[in-house]
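K.L.:
Take a look and give me a structure for this.
(chains A and B)
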2 protein chains.
Amino acid sequence: MPSSPIRKLAPLANAAKAQGVKVYHLNIGQPDLPTPEKGLEALRHVTRKTLEYSPSEGYIGLRQKLAGYYKPFGIQVAPEEIIVTTGGSEAILLSFMACLDAGDEVIMVEPGYANYISFAKTAGIQVRTVTSTIENGFALPPVEAFEEVITPRTRAILLCNPSNPTGYVYTPEELAKIKEIVLKHNLFLFSDEVYREFVYSGKPYVSALTLGMDENVVVIDSVSKRYSECGIRIGMVVTHNKQVHDTIMKYCQARLSPPLLGQIVAEASVEGVEDYLKECFTEYKARRDFFIQGLNQIPGVVSPMPQGAFYTVASLPVDDAEDFCRWLLTDFRLDGETVMMAPAAGFYSNPGLGRNQVRMAYVLKIEDLSRCLLLLRKALEQYNRR
Amino acid sequence: MPSSPIRKLAPLANAAKAQGVKVYHLNIGQPDLPTPEKGLEALRHVTRKTLEYSPSEGYIGLRQKLAGYYKPFGIQVAPEEIIVTTGGSEAILLSFMACLDAGDEVIMVEPGYANYISFAKTAGIQVRTVTSTIENGFALPPVEAFEEVITPRTRAILLCNPSNPTGYVYTPEELAKIKEIVLKHNLFLFSDEVYREFVYSGKPYVSALTLGMDENVVVIDSVSKRYSECGIRIGMVVTHNKQVHDTIMKYCQARLSPPLLGQIVAEASVEGVEDYLKECFTEYKARRDFFIQGLNQIPGVVSPMPQGAFYTVASLPVDDAEDFCRWLLTDFRLDGETVMMAPAAGFYSNPGLGRNQVRMAYVLKIEDLSRCLLLLRKALEQYNRR
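P.N.:
Below is the predicted model of the structure:
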């Protein structure tokens, strides 16, 4: 098992904090926005006396509301086609387990969400990657790149759309190409759509469930980022494929049930929060505009303008971004403060790629992001002068 | 993946309920006892505005309180040796993943908790079983039985103590024999101790962590049954083995964090609930005495007297207990009521064993258990007259 590139430097951050240093967390997609008041309110009004198991597939009330949530995106699903999971994390792992046998292969785009690799290892499946580049703004690699890595054991393609870590949003044209490959080779398409609400291009979001290949698509989703309630661990798998659904359910029955309290909060968060979502969207868009512009003004730093999610992968004027990230936590201080980032190499499968890149999450308020930009600028000067 | 014997009949139970039939659930260890008021109170006083990720290993506050909880059992562990998991379920899966490679073997006692097999399959590991028998009160099979199934790929023995599904509590002598085998063959001992509080023999409980083989023992634990809060999904792995701890942590980082809200409830439940635990103990003991005696009074029904947990495996005067359990849900009604049990065959690995047995959880109040006994008696008469 590889260590999580997002969390492996946590001990160094903890040590810095123990010294009284303030650490700004750009390393992790933990939004500082509040959870919807409706969700918190539901928690305060839990009247049940016994906190008992919920159904393995999650409460029907939550699944009904989710089916309603998807409608405006053109996604027509029944509550029976939704399985509630312990976060998007479990949704990914169980989708892998249900659709692939040990030794089968899944194709991912790199840089990609690092934990996909961990879940693939857990499921005993092999990861093949196609590489997107910062020079290209992390657009989908050409179809030929996919064809090159397809083998007789390839069973699936995994897309994260909008992408964590790059913020790239796949275009309808790119998704059409993916559809072509998926159907040609009879693959599954795992589509991680947890950042669906955060698309800044002004163009409508295209879910994999609207591509017209119902049997092939398994959508991974989560309320974590959408409603800033990462801690409640409520995700979901959505698929029209009955066999995949039923197989995932066997795993779900083994682990008994998803978290009860999280489902209560999630159910209260899903409906009637249009204003809340609009505010979050406006806030993230403002942060993106401010932060990415600021990044590109730091000498030697280059970041594409992400069209979605709340991450970016930027290149820094250093040889080894991991060493720089460690140094930030162990050595660099400006007025008792420093900044934590995730080295991007951990988001690539091919060793050597992304060594001068970092992933940053712009999940802090603009005032803090402004401070992070200053810290980063000063730190780079000092690091490169050593 | 096998279907869960505990949950696979759920659709039939749901259909019966939809017809207005009252179904008594003896099939699942879902206690009807209340969660400690302290735990529920903590929930109503959550003041945080953002329900954010918790640390991958769980909150230090909870782990400190747990370390204190273990002391009276003679278990000396530091908070750093405890990892909070998403229920005992995740604790089992991650222990398997961390300690065994695909193809390695673990020895379990059958009948055993059915989901162990599912988690073993998930981890790609092979299960070997030694068989305990109802005639022997489900005591530990002789050492020779273990030696017979040990191969060069054997890496671990898994014990559930007190046992789900049999309620058997291993004696100090039996545990000494297990220790001998573990050390002789350099194995891990996974000890699932989630029913530790419920031992009715009057003798002190012997945890695997007090056997004096620190590097070999991995304890699985959970607050689910202890505090009747199964739905919050909070379990834990406890081990002095640093390497095992660190490997499990890699998996924990990949899935980000255990449920936040469950940790809040669990932390409030762990301390100062001596009276609560005493009441639960007294109640379960009374239920056991009443229920097991009543079972053995039904013609053809035989149940050993379980010394722990809140389950029993009983043999029935039928050829195929699964067929009988189905028939109870689809056909049998007495004044609009029926009873649901788990066919025990699913708790055995060897096909054909336990076919005339069921697992029952005495987690209902005595009045309901009394009704269940009547339903079972009448149902057996009717079923065998058909």
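K.L.:
ok, A:Thr151 - contacts?
P.N.:
A:Thr151 makes contacts with A:105, A:128, as judged by CB atoms under 8 Å, 6 or more residues apart in numbering or on different chains. Heads up, the C-betas are built off the backbone N, CA and C, glycines and all.
K.L.:
which residues touch A:Pro36?
P.N.:
The contact partners of A:Pro36, taken as CB under 8 Å, 6+ apart, are A:227-229, A:268-269, A:273, A:276.
K.L.:
ok, which of the residues you listed also contact chain B?
P.N.:
A:228-229 (CB under 8 Å from any CB of the partner chain).
K.L.:
In helices, which of the contacts of A:Pro36 appear?
P.N.:
A:268-269, A:276 (DSSP state H).
K.L.:
what ranges do the strands span in the stretch 201-350 of chain A?
P.N.:
Per DSSP state E, counting those that start in this stretch, the stretch 201-350 of chain A carries strands over the ranges A:217-222, A:235-238, A:311-315, A:337-340, A:342-343.
K.L.:
So A:Ile60 is in contact with A:Pro79, correct?
P.N.:
Yes. The pair A:Ile60 / A:Pro79 is scored as a contact, 6.1 Å apart, by CB atoms under 8 Å.
K.L.:
ok, those two, which is more surrounded?
P.N.:
Taking neighbours as other CB atoms under 10 Å in any protein chain shown, A:Ile60 and A:Pro79 compare with A:Pro79 leading, 17 against 13.
K.L.:
Tell me the secondary structure at the closest residue to that one other than its chain neighbours.
P.N.:
The shortest distance from A:Pro79 to any non-neighbouring residue, by CB to CB, 6 or more residues apart in numbering or on different chains, is to A:Arg63 (3.8 Å). Applying DSSP: H, G, I helix; E, B strand; the rest coil to A:Arg63 yields a three-state assignment of helix.
K.L.:
Please tabulate the ones in helices among the contacts of A:Pro36 in TSV, including the columns neighbour count, pLDDT and distance to A:Val301.
P.N.:
Output for those, formatted as TSV (neighbours: other CB atoms under 10 Å in any protein chain shown; pLDDT from 0 to 100; distance: CB to CB, whole Å):
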residue	neighbour count	pLDDT	distance to A:Val301
A:Ala268	23	97	41
A:Ser269	28	97	36
A:Tyr276	20	97	33
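K.L.:
Any idea which of the strands of the stretch 201-350 of chain A gets closest to B:Pro304?
P.N.:
Set against B:Pro304 and scored by CB to CB, those come closest in strand A:235-238, at 41.3 Å.
K.L.:
count of residues packed around A:Leu33?
P.N.:
Neighbours of A:Leu33 (other CB under 10 Å): 19.
K.L.:
whoops, I mixed them up, A:Ala286
P.N.:
There are 14 residues near A:Ala286, going by other CB under 10 Å.
K.L.:
Then the one 4 residues further on?
P.N.:
Summarising burial for A:Phe290: neighbours were counted as other CB under 10 Å, giving 15.
K.L.:
Over to A:Asn14?
P.N.:
Using other CB under 10 Å: A:Asn14 sits among 12 other residues.
K.L.:
Look up phi and psi at it.
P.N.:
phi -60, psi -40 (degrees, to the nearest 10).
K.L.:
Might you report the residue contacts of it?
P.N.:
Taking CB under 8 Å, 6+ apart as the definition, A:Asn14 has no contacts.
K.L.:
Enumerate the residues of the stretch 251-386 of chain A near chain B.
P.N.:
Counting by CB under 8 Å from any CB, the stretch 251-386 of chain A sits next to chain B at A:251, A:253-262, A:265.
K.L.:
for the stretch 101-250 of chain A, same thing?
P.N.:
Counting by CB under 8 Å from any CB, the stretch 101-250 of chain A sits next to chain B at A:102, A:115, A:118-119, A:122, A:124, A:228-233, A:247, A:250.
K.L.:
which residues does the closest residue to A:Ile366 other than its chain neighbours contact?
P.N.:
With sequence-adjacent residues excluded and distances taken as CB to CB, 6+ apart, A:Ile366 is closest to A:Phe290, at 5.4 Å. Contact partners of A:Phe290, counting by CB under 8 Å, 6+ apart, are A:366, A:369-370.
K.L.:
Now with 10 Å, please.
P.N.:
A:362, A:366, A:369-370, A:373 (CB atoms under 10 Å, 6 or more residues apart in numbering or on different chains).
K.L.:
Per-residue pLDDT of it, please?
P.N.:
pLDDT recorded at A:Phe290 is 98.
K.L.:
Can you name the residue of the stretch 51-200 of chain A nearest chain B?
P.N.:
A:Ser118 (3.6 Å; CB to the nearest CB).
K.L.:
Surely that residue touches A:Lys8?
P.N.:
No. With contact defined as CB atoms under 10 Å, A:Ser118 does not reach A:Lys8; the gap is 11.7 Å.
K.L.:
Residues in contact with both of the two, list them for me.
P.N.:
Common neighbours of A:Ser118 and A:Lys8 (CB under 10 Å, 6+ apart) are A:2, B:250, B:253.
K.L.:
Quick check on these: which are buried?
P.N.:
B:250, B:253 (16 or more other CB atoms under 10 Å in any protein chain shown).
K.L.:
what would the shared contacts of A:Ser118 and A:Lys8 look like in CSV with pLDDT and distance to A:Tyr24?
P.N.:
As requested, the shared contacts of A:Ser118 and A:Lys8 are exported to CSV (pLDDT from 0 to 100; distance: CB to CB, whole Å):
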residue, pLDDT, distance to A:Tyr24
A:Pro2, 71, 25
B:Lys250, 93, 26
B:Gln253, 91, 21
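K.L.:
would a markdown table of the shared contacts of A:Ser118 and A:Lys8 with distance to B:Phe146 be doable?
P.N.:
Shown next, in a markdown table, are those (distance: CB to CB, whole Å):
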| residue | distance to B:Phe146 |
| --- | --- |
| A:Pro2 | 35 |
| B:Lys250 | 31 |
| B:Gln253 | 35 |
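K.L.:
out of the shared contacts of A:Ser118 and A:Lys8, which one sits closest to A:Phe332?
P.N.:
B:Gln253 (24.2 Å).
K.L.:
would you list every one of the helices in chain A?
P.N.:
Remark: helices assigned in chain A by DSSP H are A:10-18, A:37-44, A:60-70, A:87-99, A:114-123, A:143-149, A:172-184, A:242-254, A:260-270, A:274-296, A:321-330, A:366-385.
K.L.:
just to revisit the earlier point, closest to B:Arg155 out of the ones in helices among the contacts of A:Pro36?
P.N.:
A:Ser269 (43.5 Å).
K.L.:
for the closest one, what are its contacts?
P.N.:
A:Ser269 neighbours (CB under 10 Å, 6+ apart): A:35-40, A:42, A:62, A:65, A:69, A:223, A:226-229, A:232, A:234, A:276, B:51.
K.L.:
same question, A:His185
P.N.:
A:107, A:146-147, A:150, A:152, A:154-157.
K.L.:
thinking A:Val301 is in contact with A:Ala321, fair?
P.N.:
No. Contact criterion CB under 10 Å: A:Val301 and A:Ala321 do not qualify, at 11.2 Å.
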